[in-house]
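Participant: 3D, please:
(chains A and B)
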Amino acid sequence: MAAPHPVITSSDPLDPRPLIEGKQTDQTINDSLLEHVWRGAGKGWWALFGVALSALGLLVIAISYTLYKGIGSWGNNIPVGWAFGIINFVWWIGIGHAGTLISAILLLLQQKWRTSINRFAEAMTLFAVICALLFPLLHTGRPWFAAYWLMPYPSVQGIWPQFKSPLTWDVFAVSTYFTISLLFWFLGLVPDLAALRDSSKSPSKRFVYGIFALGWRGSGRHWAEYKWAYVLLAGLSTPLVLSVHTIVSFDFATSVIPGWHTTIFPPYFVAGAVFSGFAMVVTWMIPAREFLGLKHVVTPKHIEMMCKVMLATGMIVTYGYVMEHFIAWYSGDPYEFAQFFLVRQRGPMSGVYWLMIFCNCVVPQIFWSKRGRTNLPVVWIAAILINVGMWCERFNIIVTSLHRDFLPSKWENYAPTWVDISLFIGTIGLFSTLFLLFLKFVPAVAVTEVKELRHELEHAKHGAGHAGGEGHA
Amino acid sequence: MSESVFVPRRFVIAQFADSDALLAGTRKLREAGNKNLDTHTPYPIHGLEEALGLGRPKIPTLVLLGAIAGACIAYGMIYYMNVIDFPINVANRPPHSPPTNIPITFELAVLLGGTSSFFGFFTLARLPKPYHPVFEADFFARASIDGFFLSIEVPTGGDVEKVAADVRGAGAVEVQTVAESER
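Facilitator: As a prediction, the model looks like this:
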């Protein structure tokens, strides 16, 4: 037979670079991927955690002030009735979508490279959706009443939510999205928690991880059902993720505001969501693989694949922009035309428009070049710019469209207040805090799935090595 | 029967060298007529369902039923609230407007389908179950790391030593016998 630990290579003959680097066994994968959980928090982690916690403190202050004063403390007012609250909601939801795309759609498409990054991206989804949910809740002004405004709860008033409104659809879409993402993430995590339990050095850690591992014992009878439960959750998440941003785009597309009333919104929102989500994954993954010792499972090949996805979705987003402008001209509607060709390009908010065009249409073009895709600092900066660009896109859609609608007498400029800005920075703090805690207590890479991938690749190699022998198909 | 007397369940637990040995060993032991066979592996091994002689998985049916129930509940809920309980005339739109019901119907189908998958799995697997006799074997911790294990529950009155010998004969590297501890 072959050597006991062959070097694992990709099964793709066109791209021989490995998905898992070095000579690995289940034991070495287990040790190296769990190592960052056992290692005590370093200075760098504490420094980042401190920054994140202070931003989280800002969030607490901003939320308290909003609840005390009311949402009059925010910058939005008629005609700009929606501003930072909805921009940030759409932005965060969009960021979450990459996690579901990586974990679900790439699983169904059997893209093996997803295995090293899915856990990380799924966690990102959860935290991004938590940040997103804060905004519409606070935007209701009285979140403690939101239960019967949003959910069909049989209150004594006998009134129900308006089911013909996309805002009500949003409530169902986003809460379903959060629930399913959480279940999917936890289901994938259970075998890893068992691995954590069984590699614990101290009884207290063993006890805590043991509770979360739910007594998992890797039973073959369990795996048989587990595989189906996992793949069906993936199968359900796939149309779900498409539906969520479609429904978010309906919030705009079903209205009559010039700049909102377009049929291209659903696919263009979904592509934009994936675009920004991948950018966020890359933004966090590049430093994380460096500092958590994940370089052997998150290889330059993974980063390059993500760059290709960003390039593709960036081109779809660009196509969306082109089509919006084309239809604004082709429809002959003077308001649409004025919105796209005068207000956005030359109006008071035109800086945001051109920044969006630069970040979302120009920056990703660097990923055509292999050198661009493999130079990590370049990729990292490009990913941050894409996140900025996607935030600008939502600003453009929401604020720029609202501040110049049909009647010039209604035109008004918009400026965010310190509360708006603090809430935004605060949610970045919340996201970072949760993410840093995740990186500290849970393996950042799906250990079980990487072991399975290693096993699969090794068997594929053996099978190719002695054709005609007993196959493992 | 004898509810007051604790009769510990006894297990033979064996480690195999690799997944192929485990597959072959499992098949051999099942064909030899052993009941209550189970395997314990750090990740799913292709072919183990067949080696263990498991039937069709039940999860897909559960998820389908969950999704259908979700869709029916959602549509029924919207219909009841908008048509029967509290119809509101908004710009003369019909109280029952099927296209506007699609998103929520879809979302609840996914929600109930997904939760059926998750909770259905844990119900079928009888988890959470923090204690199981197989954890008594001191080498069993490797089952979630890199070990390929097989366990057989020996029926009351069965000969543990005979089963252990059979398991050794099926290619196991190391065999231990454990008994459930009383709690």
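
Participant: How about stretch A:139-159 and chain B, any contact?
Facilitator: Yes - counting by Cβ under 8 Å from any Cβ of the partner chain, chain B has neighbours in stretch A:139-159: A:152, A:158-159. Quick note: C-beta positions are derived from backbone N, CA and C, even for glycine.

Participant: repeat for stretch A:199-218
Facilitator: Yes - Stretch A:199-218 is in contact with chain B by Cβ under 8 Å from any Cβ, via A:199, A:210-211, A:214-218.

Participant: So which residues make contact with that stretch?
Facilitator: Here stretch A:199-218 makes contact (Cβ atoms under 8 Å, 6 or more residues apart in numbering or on different chains) with A:30-31, A:34, A:38, A:190-191, A:193-194, A:196-197, A:222, B:39-42, B:122, B:127-132, B:134-135, B:140-141, B:143-145, B:149.

Participant: if you look at the residues you listed, which of them are in helices?
Facilitator: A:30-31, A:34, A:38, A:190-191, A:193-194, A:196-197, A:222, B:122 (DSSP state H).

Participant: Which among those residues count as buried?
Facilitator: A:30, A:34, A:190-191, A:193-194, A:196-197, A:222, B:122 (16 or more other Cβ atoms under 10 Å in any protein chain shown).

Participant: Domain-wise, how is chain B divided?
Facilitator: B:10-55+B:130-179, B:59-124 (automatic domain parsing).

Participant: Next, the distance between the ends of the shortest one.
Facilitator: Going back to what we said before, that points to domain B:59-124. 9 Å (Cα to Cα, to the nearest Å).

Participant: mean confidence score for that domain?
Facilitator: The predicted model assigns domain B:59-124 a mean pLDDT of 93.

Participant: How about that domain and chain A, touching?
Facilitator: Yes - contact of domain B:59-124 with chain A (Cβ under 8 Å from any Cβ) involves B:59-60, B:63, B:67, B:77-78, B:81-82, B:85-86, B:88, B:90, B:93, B:97, B:100-101, B:103-104, B:106-108, B:110-111, B:113-115, B:117-118, B:120-122, B:124.

Participant: Same check on the longest one?
Facilitator: Yes - judged by Cβ under 8 Å from any Cβ, domain B:10-55+B:130-179 and chain A are in contact via B:19-20, B:26, B:38-49, B:51-52, B:54, B:130-132, B:134-135, B:140-146, B:149.

Participant: how about stretch A:20-37: buried residues?
Facilitator: Buried residues in stretch A:20-37 (16+ other Cβ under 10 Å): A:20-21, A:24, A:26, A:29-30, A:32-34, A:36-37.

Participant: got the CA coordinates for it in CSV?
Facilitator: Extracted C-alpha coordinates of stretch A:20-37, given in CSV (Å, rounded to 0.1, in the frame of the first residue of the first chain):
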residue,chain,number,x,y,z
ILE,A,20,-5.2,21.0,3.0
GLU,A,21,-1.5,21.7,3.3
GLY,A,22,1.2,19.4,4.7
LYS,A,23,1.1,15.9,5.9
GLN,A,24,-2.0,15.7,8.1
THR,A,25,-3.8,13.0,10.0
ASP,A,26,-7.1,13.2,11.9
GLN,A,27,-5.0,13.7,15.0
THR,A,28,-2.9,16.6,13.7
ILE,A,29,-6.0,18.3,12.2
ASN,A,30,-7.8,17.9,15.5
ASP,A,31,-4.9,19.3,17.5
SER,A,32,-4.1,22.2,15.2
LEU,A,33,-7.6,23.3,14.7
LEU,A,34,-8.5,23.2,18.4
GLU,A,35,-5.3,24.7,19.5
HIS,A,36,-6.5,28.3,19.4
VAL,A,37,-9.4,27.3,21.7
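
Participant: Apart from its chain neighbours, what residue comes closest to the residue in the stretch 1-150 of chain A that chain B sits nearest to?
Facilitator: Nearest residue of the stretch 1-150 of chain A to chain B, counting by Cβ to the nearest Cβ: A:Asp26, 3.4 Å away. In this structure, A:Asp26 finds its nearest non-sequential neighbour in B:Asp146, 3.4 Å apart by Cβ to Cβ, 6 or more residues apart in numbering or on different chains.

Participant: Report how many residues lie close to A:Leu167.
Facilitator: For A:Leu167, the neighbour count with other Cβ atoms under 10 Å in any protein chain shown is 15.

Participant: Point out where chain A drops to low pLDDT.
Facilitator: Regions of chain A meeting the criterion pLDDT under 70 cover residues A:1-16, A:463-473.

Participant: Can you tell me the centre-most residue of it?
Facilitator: Computing the C-alpha centroid of chain A and ranking residues by Cα atoms, centre = their mean puts A:Gly96 first, at 2.5 Å.

Participant: Now that residue: closest residue in space that isn't a chain neighbour?
Facilitator: A:Gly96 sits nearest to A:Ala128 (Cβ to Cβ, 6+ apart), 3.7 Å away.

Participant: dump the residue contacts of the residue of the stretch 1-150 of chain A closest to chain B.
Facilitator: A:Asp26 touches A:451, A:454-455, B:42, B:145-146, counting by Cβ under 8 Å, 6+ apart.

Participant: Next, the residue nearest to the spatial centre of chain B: phi, psi?
Facilitator: Among the residues of chain B, B:Ala125 comes closest to the average C-alpha position under Cα atoms, centre = their mean, at 3.1 Å. With angles defined as degrees, to the nearest 10, B:Ala125 sits at phi -80, psi 0.

Participant: Quick check: chain neighbours aside, which residue is closest to it?
Facilitator: Computed as Cβ to Cβ, 6+ apart, the closest residue to B:Ala125 that is not its neighbour in sequence is A:His222, at 4.5 Å.

Participant: I'd guessed the one you found sits against B:Arg126; true?
Facilitator: No - A:His222 is beyond contact range of B:Arg126, at 9.1 Å (criterion: Cβ atoms under 8 Å).

Participant: Overlap in contacts, these two.
Facilitator: In contact with both A:His222 and B:Arg126: no residue, using Cβ under 8 Å, 6+ apart.

Participant: can you pull the alpha-carbon coordinates of stretch B:130-141 into PDB?
Facilitator: Only the C-alpha atoms of stretch B:130-141 are listed here, as PDB (Å, rounded to 0.1, in the frame of the first residue of the first chain):
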ATOM      1  CA  PRO B 130     -25.000  13.100  28.500                       C
ATOM      2  CA  TYR B 131     -24.300   9.600  29.800                       C
ATOM      3  CA  HIS B 132     -24.000   6.500  27.700                       C
ATOM      4  CA  PRO B 133     -22.200   3.300  28.800                       C
ATOM      5  CA  VAL B 134     -19.800   3.500  25.900                       C
ATOM      6  CA  PHE B 135     -18.200   6.500  27.500                       C
ATOM      7  CA  GLU B 136     -17.000   4.200  30.300                       C
ATOM      8  CA  ALA B 137     -14.300   2.800  28.000                       C
ATOM      9  CA  ASP B 138     -11.200   4.800  28.700                       C
ATOM     10  CA  PHE B 139     -10.000   4.800  25.000                       C
ATOM     11  CA  PHE B 140     -13.400   5.900  23.800                       C
ATOM     12  CA  ALA B 141     -12.500   9.600  23.800                       C
END
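
Participant: Residue 181: what's it in contact with?
Facilitator: I went with chain A, as the question did not name one. Residues in contact with A:Ser181 (Cβ under 8 Å, 6+ apart) are A:96, A:99-100, A:122, A:125-126, A:129, A:237.

Participant: that's the other chain; I wanted chain B
Facilitator: B:Ser181 touches B:8, B:133, B:136, counting by Cβ under 8 Å, 6+ apart.

Participant: Doesn't A:Ala123 belong to a helix?
Facilitator: Yes - assessed with DSSP: H, G, I helix; E, B strand; the rest coil, A:Ala123 lies in a helix.

Participant: Quickly find the element holding the closest residue to it other than its chain neighbours.
Facilitator: The shortest distance from A:Ala123 to any non-neighbouring residue, by Cβ to Cβ, 6+ apart, is to A:Phe438 (4.8 Å). Following DSSP states H and E, one finds A:Phe438 within helix A:418-441.

Participant: That helix: which residues count as buried?
Facilitator: Across helix A:418-441, burial judged by 16+ other Cβ under 10 Å covers A:419-420, A:422-436, A:438-440.
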